[in-house]
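Asks: Got a predicted structure plus its sequence, pasted below:
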Amino acid sequence: MSKNVLIIEGDGIGVEIIAAAEKVLKAVNEIDNLNLTFDTAMLGGRAYDQYGKPYPDDTQTKARAADAILFGALGGPQWDGKTERHLRPEAGLLDIRSDLGLFANLRPAVAFEQLVAASPLKPELVGGLDIMIVRELTGGIYFGQPRGIRTLENGEKQGFNTDVYKESEIRRIAKVAFEAAQKRNKRVCSVDKANVLEVTVLWREVMEEVAKGYPDVELSHMYVDNAAMQLVINPKQFDVLVTGNLFGDILSDEASMITGSIGMLPSASLDVNNKGFYEPCHGSAPDIAGQDIANPLATIMSAAMLLRYSIGAASSADRIQAAVGRVLDAGLRTKDIYSDGMTLIGCEAMGQAVVDALTE
Ligand SMILES: NC(=O)c1ccc[n+]([C@@H]2O[C@H](COP(=O)([O-])OP(=O)(O)OC[C@H]3O[C@@H](n4cnc5c(N)ncnc54)[C@H](O)[C@@H]3O)[C@@H](O)[C@H]2O)c1
Ligand SMILES: CC(C)[C@H](C(=O)O)[C@@H](O)C(=O)O
Ligand SMILES: [Mg+2]
């Protein structure tokens, strides 16, 4: 039976990086006879301009029906502050994550040996780095109620959000982390702020409880401020790092730079049945949009994750990963990962180079 992939560009560089990744995915579909069918939809700022909301009904219908979704990025200064909060491009992304129940966000930070020189950290700290960040994606302070901006009795305004996690939400993300660790180096580090925030006191308790079901996996805990520092001084100490929505957002951007560029970090957001939404961890990069200089590799590797997790085509995913490796071996680099002696190419050429390397 054929499986359907919904492709969504979004805004800014989303258009360019999706064009490159779509080419790669369609080429692999042909080469490996995957029998995938494709459709397109809109999400974010341009979707708002066209349909009056960032997660249009048409997109919702298609997204619910699809087996997997490949997404670029959204947002941009033209929509900042001009629309109500729930109509901003970013709200579209939060809505689709929540609507599809995409609670498990996997963000692998893997350093390619060829790019060790592009990292701001010393090569010995980066070489061989392979961390899996497991970020809870549909709860926490991103979605907690009440939230808003209110006016106090003295006329002063006050902004407020609520950080909430139920035991069941913590338990299911914990299981994802422990199961990921079982297939890796069998270590989970849970990141919280249990010295200050009650919501993470419960987080820690539930992590301990779930750990009992995985005696082969070692659980440790770390406060988020320390984790931010440890990622810089000794990133290779981590195997699987599990954390809540906000801390995961921040730590994954930090981890991406350790690998050389935010343009190298893919992600998978999964529901309970492994239906998935696949996107790079970075944003729409308005500062470089339309210039054909964005790095499409995070999106291309997100397409590989799509094949692995939602289509069950692990060897096709490996084919894409190997092609990315060969392109880097050949010295081809977009601007963000460029170093002396390498060949500078644009986004489109990088996509084509990966396509060409698929069958080498
Ligand atoms: N998942 C998403 O769609 C997503 C994620 C983060 C931010 N955003 C949105 O994107 C917009 C811009 O946000 P920002 O500037 O804080 O973050 P950003 O990730 O878009 O950009 C941060 C920096 O990284 C660079 N960068 C990002 N991706 C790159 C790539 N593939 N190749 C080369 N360089 C790249 C950008 O040029 C910029 O200098 C905002 O509207 C924000 O809300 C969207
Ligand atoms: C754009 C924004 C809503 C989003 C988030 O905060 O989750 C982004 O930063 C991400 O990491 O995917
Ligand atoms: Mg982010």
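Replies: Cool, got the structure. Predicted, not measured: the structure shown is a model, and the values here were computed from it. Numbering: from 1, shown residues only. Ligands and ions are numbered 1, 2, ... in the order given.
Asks: Now do the lengthiest helix in the chain: which elements does it pack against?
Replies: Longest helix of the chain, by residue count under DSSP state H: helix 14-31. Counting contacts by 3 or more Cβ pairs under 8 Å, 6 or more residues apart in numbering; DSSP states H and E, helix 14-31 is packed against strand 4-10, strand 68-73, helix 297-306, helix 314-329, helix 347-357. Glycine gets a C-beta too; all of them are placed from N, C-alpha and C.
Asks: any weak-confidence spans in the stretch 1-150 of the chain?
Replies: For the stretch 1-150 of the chain, applying pLDDT under 70 flags the ranges 82-83.
Asks: go with 90
Replies: Within the stretch 1-150 of the chain, the segments meeting pLDDT under 90 span 1, 81-86, 117-119.
Asks: Surely residue 31 is in contact with residue 360?
Replies: No: the criterion here is Cβ atoms under 8 Å, and residue 31 misses it with residue 360 at 11.7 Å.
Asks: which one of the two has more residues nearby?
Replies: Neighbours per residue, other Cβ atoms under 10 Å: of residue 31 and residue 360, the larger number sits with residue 31, 13 against 9.
Asks: Who are the contact partners of that one?
Replies: By Cβ atoms under 8 Å, 6 or more residues apart in numbering, the contact list for residue 31 reads 316, 319, 358-359.
Asks: Neighbour-wise, which one of those leads?
Replies: residue 316 (24 neighbours).
Asks: mind checking the SS state of residue 149?
Replies: Under the three-state scheme (DSSP: H, G, I helix; E, B strand; the rest coil), residue 149 adopts strand.
Asks: Around ligand 1, which positions in the stretch 251-360 of the chain sit nearby?
Replies: Contact residues, the stretch 251-360 of the chain versus ligand 1 (Cβ under 6 Å from any ligand atom): 262-263, 279, 282-288, 294-295, 298, 336.
Asks: Which of the contacts of residue 31 sits closest to ligand 1?
Replies: residue 358 (20.6 Å; Cβ to the nearest ligand atom).
Asks: For that closest one, which non-adjacent residue is spatially closest?
Replies: residue 323 (4.7 Å; Cβ to Cβ, 6 or more residues apart in numbering).
Asks: Spatially nearest residue to residue 141, not counting backbone neighbours?
Replies: Nearest non-adjacent residue to residue 141 (Cβ to Cβ, 6+ apart): residue 163, at 4.0 Å.
Asks: Now for the one you found: which residues touch it?
Replies: So residue 163 contacts 140-141, 144, 197, 199, 244, 246 (Cβ under 8 Å, 6+ apart).
Asks: quick one: the strands in the stretch 51-200 of the chain?
Replies: Taking DSSP state E, counting those that start in this stretch as the criterion, the stretch 51-200 of the chain carries its strands at 68-73, 104-110, 130-136, 148-151, 157-160, 187-192.
Asks: List the contacts of the closest residue to residue 292 other than its chain neighbours.
Replies: Spatial nearest neighbour of residue 292, excluding adjacent residues (Cβ to Cβ, 6+ apart): residue 346 at 4.0 Å. By Cβ under 8 Å, 6+ apart, the contact set of residue 346 is 292-293, 334.
Asks: Ok, residue 308 next?
Replies: 314, 317.
Asks: change it to 10 Å
Replies: 268, 274, 276, 278, 314-318, 320-321 (Cβ atoms under 10 Å, 6 or more residues apart in numbering).
Asks: So among the residues you listed, where is pLDDT lowest?
Replies: Scanning these for pLDDT, the low point is residue 274. It has 87.
Asks: Check whether the residue nearest to that residue when sequence neighbours are not counted sits in a helix, strand or coil.
Replies: Closest residue to residue 274 apart from its sequence neighbours, by Cβ to Cβ, 6+ apart: residue 309 at 5.6 Å. Three-state assignment for residue 309 (three-state DSSP): helix.
Asks: Now do residue 309, the pLDDT please.
Replies: Reported pLDDT for residue 309: 96.
Asks: so it touches residue 68, yeah?
Replies: Yes: contact criterion Cβ atoms under 10 Å: residue 309 and residue 68 qualify, at 8.0 Å.
Asks: Looking at those two, which has the bigger crowd around it?
Replies: More neighbours surround residue 68 than the other of residue 309 and residue 68, with 24 against 21 (other Cβ under 10 Å).
Asks: Against ligand 2, how distant is the more buried one?
Replies: 17 Å (Cβ to the nearest ligand atom, to the nearest Å).
Asks: what residues are up against that residue?
Replies: 3-7, 36, 268, 270, 274-278, 303, 305-307, 309-311.
Asks: returning to what we had before: name the nearest of the contacts of residue 163 relative to residue 181.
Replies: residue 244 (17.8 Å; Cβ to Cβ).
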